[in-house]
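Visitor: Predicted model follows, preceded by the sequence.
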Amino acid sequence: LSSAASDVYKTQIKLYGLGAYALTATFGPNLGLPLAAFWFEYVGWQWVFWQVIPLCLVAMAAVSHGIPQDPVRLERFRQFDGIGLLTGFPAICALVIGLLQGERLDWFESPLICLLLGSGSLLLGLFLVNEWSHPLPFFRLQLLKRRNLTFALITLAGVLVVLGASMGVPTEFLAEIRGYRPLQSVPMVLLVALPQLVALPLVAALCNIPRVDCRWVLACGLCLCAGACLSFSQLTADWVREDFYLPMLLLVVGQPMAVIPLLMLSTSVIAPIEGPFASAWFNTVRGFSGVVATAVIGALGTAREHYHSNRLVDHLGNAPQAVELRLQQIAGLQPGADSGAHWQHLAEQARQQAQVLGNADVLLAMAGLACALLILIPILPQRAYPPRPVAPTH
């Protein structure tokens with residue numbers, strides 16, 4: 001899709017086409033929860049899976065009508081990267097399964113996770129060695145010598161991890177701490193998703209002005225994302241859905257300002273004939289970043305939750321008078337319950353508080369990651385100018 005966008009769009013509207021492609025990183029992921037909640041609550045859980053069928057049919061019709069057919073080149077089968085397929089496919093499968101199941105199986109305490117991550121890393125190394133010398137590889141490693149592309153891939157991975165946490169952690173907090181059903185979190189998610197239909201074209205128009213350096217636009221977008229995560233990190237157990245609205249507004253503007261400049265920087269150093277290889281890099285990083293985000297958020301959140309839980313237990317153990325006072329307050333709220341129920345209620349409050357503090361730490365770490373990406377901007381990328389038609393020569 002991104003290869004076709006780079007090749008098909010006319011020069012004057014290329015950035016707007018890339019802005020439409022950026023919807024896959026900003027609008028699409030945020031639309032998943034509202035759709036799933038709607039189907040589950042009002043139609044049937046089966047439609048959570050069936051919904052892709054009509055959408056895929058529409059996409060197939062759009063591809064058939066809108067994208068020109070490339071000439072068939074059967075001779076490429078003679079150069080097919082079979083070794084790359086046999087090493088790369090199981091490598092990605094093993095790494096993805098290991099990262100997604102690592103938290104549930106206690107990471108390296110599990111022999112299965114060690115096997116998956118170890119074998120996946122080994123196969124990935126063999127895959128990269130093969131790709132370097134293959135005449136028609138899946139990934140052209142030589143493209144990474146271009147600073148703008150390398151910077152765009154690194155920053156895109158970091159941005160997607162930040163965005164995954166900034167949307168996933170608040171939703172998880174409302175579900176587990178406040179008891180929200182998925183449908184009750186939909187307004188918060190739509191607050192970020194729907195404005196992207198307007199924000200992305202506006203940011204594309206801004207980057208299409210020759211006087212505007214897209215690196216500054218990217219820096220502003222990262223600052224807004226960092227500010228949103230920093231605001232999220234102030235959450236307490238009393239926060240409700242409306243308390244997340246103001247930081248979400250920062251994400252409404254920050255997401256497109258962080259994604260579109262990256263697409264502009266990367267495509268500025270890629271020739272149309274190299275589009276498929278650049279697309280392979282971009283889409284693999286985009287997909288794999290979601291897996292990494294899930295693993296990092298889960299591992300970091302669990303570690304910080306355990307840390308705060310131990311600190312709270314130590315604090316309660318060293319303050320018996322405070323514990324007694326708290327138990328009396330709980331007894332006033334539950335006059336008919338016995339002392340065992342009071343202790344259970346106190347333990348549940350401590351668990352919830354540890355989880356809240358763990359979520360806050362994850363969001364604070366995401367703000368730090370966004371700030372770290374800012375450091376790369378004056379070091380790696382070179383300025384990219386918006387595409388303009390070349391004047392004919394006579």
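Guide: Everything's here; your move.

Visitor: Please, which helix or strand holds the residue lying closest to A322 once chain neighbours are set aside?
Guide: With Cβ to Cβ, 6 or more residues apart in numbering as the measure, L316 is the residue that lies nearest to A322, at 7.3 Å, once sequence neighbours are left out. Yep, even glycine has a C-beta here, placed from its N, CA and C like the rest. L316 belongs to helix 275-317 when assigned by DSSP states H and E.

Visitor: which helices and strands sit right next to that helix?
Guide: With contacts defined as 3 or more Cβ pairs under 8 Å, 6 or more residues apart in numbering; DSSP states H and E, helix 275-317 has these neighbours: helix 2-8, helix 14-38, helix 82-101, helix 147-176, helix 245-267, helix 339-376.

Visitor: tell me which residues of the helix or strand following that helix are tucked away?
Guide: On the C-terminal side of helix 275-317, the closest following helix or strand by DSSP H and E is helix 320-333. With burial defined by 16 or more other Cβ atoms under 10 Å, the residues of helix 320-333 counted as buried are R326, I330, A331.

Visitor: go on, stretch 133-151?
Guide: Neighbour counts over stretch 133-151 (16+ other Cβ under 10 Å) mark H134, P137, F138, F139, R140, L143, R146, N148, L149, T150, F151 as buried.

Visitor: The last one and I379: what is the separation?
Guide: The gap separating F151 from I379 is 8 Å, by Cβ to Cβ, to the nearest Å.

Visitor: ok, and the closest non-adjacent residue to the residue positioned nearest the centre of the chain?
Guide: Central residue check for the chain by Cα atoms, centre = their mean: the C-alpha nearest the mean position is that of L160, 3.2 Å away. When the adjacent residues along the chain are set aside, L160 lies closest to S289, with 3.9 Å between them (Cβ to Cβ, 6+ apart).

Visitor: The one you found: neighbour count?
Guide: When neighbours are counted by other Cβ atoms under 10 Å, S289 registers 22.

Visitor: Do I have it right that it meets A157?
Guide: Yes. The pair S289 / A157 is scored as a contact, 4.6 Å apart, by Cβ atoms under 8 Å.

Visitor: re the thing from before, mind putting the buried residues of helix 320-333 in a markdown table, pLDDT and distance to I97 included?
Guide: Output for these, formatted as a markdown table (pLDDT from 0 to 100; distance: Cβ to Cβ, whole Å):
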| residue | pLDDT | distance to I97 |
| --- | --- | --- |
| R326 | 74 | 44 |
| I330 | 73 | 43 |
| A331 | 73 | 48 |
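
Visitor: Nearest to G227 among these?
Guide: Distances from G227 to the buried residues of helix 320-333, taken as Cβ to Cβ, are shortest for R326 (35.4 Å).

Visitor: Please name the residues that touch that closest one.
Guide: Residues counted as contacts of R326 (Cβ atoms under 8 Å, 6 or more residues apart in numbering) are L346.

Visitor: Can you tell me which of the helices and strands packed on helix 275-317 is most buried?
Guide: A comparison of those by mean neighbour count, using mean count of other Cβ atoms under 10 Å, puts helix 245-267 on top with a mean of 24.

Visitor: counting contacts, what elements does that one pack onto?
Guide: When contacts are defined as 3+ Cβ pairs under 8 Å, 6+ apart, helix 245-267 packs onto helix 14-38, helix 147-176, helix 182-193, helix 196-207, helix 214-232, helix 275-317.

Visitor: Can you flag the weakest of the ones you listed by average pLDDT?
Guide: Considering these one by one, the lowest average pLDDT is found for helix 14-38, at a mean of 82.

Visitor: Next, the angle from that helix to helix 182-193.
Guide: 170 degrees (axes from the mean of the first three to the mean of the last three Cα atoms, to 10 degrees).

Visitor: Between helix 275-317 and helix 14-38, find me the angle.
Guide: Using the same axes, to 10 degrees, helix 14-38 lies at 50 degrees relative to helix 275-317.

Visitor: returning to what we had before: which stretch among the helices and strands packed on helix 275-317 comes nearest C229?
Guide: helix 339-376 (3.8 Å).

Visitor: Look up how far V362 lies from the residue nearest to V161 when sequence neighbours are not counted.
Guide: The spatially closest residue to V161, leaving aside those adjacent along the chain, is A293, at 4.3 Å (Cβ to Cβ, 6+ apart). Taking Cβ to Cβ as the measure, A293 falls 11 Å from V362.

Visitor: list residues touching both of those two?
Guide: Among the neighbours of A293, those also in contact with V362 (Cβ under 8 Å, 6+ apart) are A165.
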